[in-house]
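*Asks:* fold the stuff below for me.
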Amino acid sequence: MYLIKQANMLKCTLEPGDRLSETQLMEITSGGHSSLLHCQKAQINGVMTLVYDTHAYNTMESSASHLTPQQMRQTILELLHALRQLERQSELSGLRMGNLCVEFDKVYLNGETLRPAFVYVPVESAKEFPEEELRSEIIETIQSNECVRDGGNQRIVQYLQDPANSLSGLTELIPRIGEEVSRPAPEPEHGGQLHRLQAENQRLRQRMLLFGGAAVLLIVIVVLLVLFGGGDKEPVGAATETGADASTTAASSEDGTTEAALKPGDLNGDGKITKEDRELLAAAVNGEELLSPAQWAAADLNGDGKVDMNDCAELTLMETEEEQP
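*Replies:* Model prediction:
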């Protein structure tokens, strides 16, 4: 037989070896089976053909891409209930379960209620019910449609992949899965809260170590810049005494000994006022040399408490007067 799907119908063309069972045809054309698609017998181009009305249905294969995981479970459950009901009716009628088409491109869902409907081919040569084929169709449909894949439907796949599990066992498994999925998540236990607090504390410690390391690194960089960037030079006069009486006081040297006062203008302590004294004073004013307290007192020639260009001018006059005979 050949099944051809058209707009609002499905046509089944019998092969020469297929004999139509009038008894089974009367069963499904009577409309007493809601889970079977209604069909009519017709002669098309001299060939015996069964025409199934599908205008209110979509194939389960095409519908699966628009279902939610919960709708998929409910559809499978109703599919199994419909099969069980047909099986019971078949015991009292001429229907044979082997005449059902269980491929999902031939199993239909109502467009509004999503209730399943099977294609039944009323021929006399019925086969065994294709349970393995239906099992494979369910597995393949779940695995190939991402929209219906969740933990519950993955359990259905795992269940069906075990040959020891019967197909009818899904009628008990699916309701349990539905209850577990709809059950609210349990409140976190004290142990879980403690674990989260410990993890948060660990993250805080790591952040503190990171910030502390960055601060230490910054301090080291600043110290290195001070040491190698000329930071060892103090401002002129920073280590000297100030005031008008600085020329009369003694100063402490770096080794702790007392440094004798110098003659005004004699910065190098050679007892004379020379070019070397003037150059030393100019370097001190420019920040290139650091004067000792005694040198500072000798360099403040105008007594204003500062060593500046005025003192340089004064020293130049003193040098000139000393050089004259």
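
*Asks:* tell me who's in contact with the residue nearest to residue 62 when sequence neighbours are not counted.
*Replies:* Nearest residue to residue 62, sequence neighbours excluded (CB to CB, 6 or more residues apart in numbering): residue 105, at 8.0 Å. (C-beta placed from N, C-alpha, C; glycine too.) Counting by CB atoms under 8 Å, 6 or more residues apart in numbering, residue 105 touches 5, 59, 60, 61, 62.

*Asks:* so how do I select the buried members of these in PyMOL?
*Replies:* For the buried members of those, the matching PyMOL selection, counting by 16 or more other CB atoms under 10 Å, is:
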select buried, resi 59+60+61
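
*Asks:* in helices, which of the contacts of residue 105 appear?
*Replies:* Among those, the ones falling in helices (DSSP state H) are 60, 61, 62.

*Asks:* show me where the stretch 201-325 of the chain has its strands.
*Replies:* 251-252, 258-259 (DSSP state E, counting those that start in this stretch).

*Asks:* can I see the domain layout of the chain?
*Replies:* 2-182, 244-323 (automatic domain parsing).

*Asks:* now stretch 262-272: average pLDDT?
*Replies:* Across stretch 262-272, the average pLDDT comes to 85.

*Asks:* okay, buried residues for that stretch please.
*Replies:* 262, 264, 265, 266, 267.

*Asks:* other residues contacting it?
*Replies:* Contacts of stretch 262-272 (CB under 8 Å, 6+ apart): 247, 273-274, 276-277, 280-281, 291, 294-295, 297-299, 301, 314-315, 318-319, 322.

*Asks:* can you check stretch 33-40 too?
*Replies:* Residues contacting stretch 33-40 (CB under 8 Å, 6+ apart): 10, 12, 25, 27-29, 31, 50-54, 57, 82, 85-86, 89, 95, 108, 115-120.

*Asks:* which residue ranges form the helices in the stretch 101-250 of the chain?
*Replies:* Here the stretch 101-250 of the chain has its helices, by DSSP state H, counting those that start in this stretch, at 131-144, 151-161, 170-182, 190-228.

*Asks:* circling back: could you tell me the least trusted of the strands of the stretch 201-325 of the chain?
*Replies:* strand 251-252 (a mean of 46).

*Asks:* make sure residue 69 is actually in contact with residue 150.
*Replies:* Yes - at 4.1 Å, residue 69 counts as touching residue 150 under the criterion of CB atoms under 8 Å.

*Asks:* got any ranges where the stretch 151-300 of the chain has weak pLDDT?
*Replies:* Residue ranges of the stretch 151-300 of the chain with pLDDT under 70: 184-193, 229-259.

*Asks:* try 80
*Replies:* Counting by pLDDT under 80, the stretch 151-300 of the chain shows low-confidence ranges at 182-198, 229-261.

*Asks:* neighbour count: residue 69 and residue 150, which is higher?
*Replies:* More neighbours surround residue 69 than the other of residue 69 and residue 150, with 20 against 16 (other CB atoms under 10 Å).

*Asks:* what sits against residue 274?
*Replies:* The contact partners of residue 274, by CB under 8 Å, 6+ apart, come to 268, 319, 322.

*Asks:* what's the closest of the buried residues of stretch 262-272 to residue 129?
*Replies:* The shortest approach to residue 129 among the buried residues of stretch 262-272 belongs to residue 267, at 119.1 Å (CB to CB).
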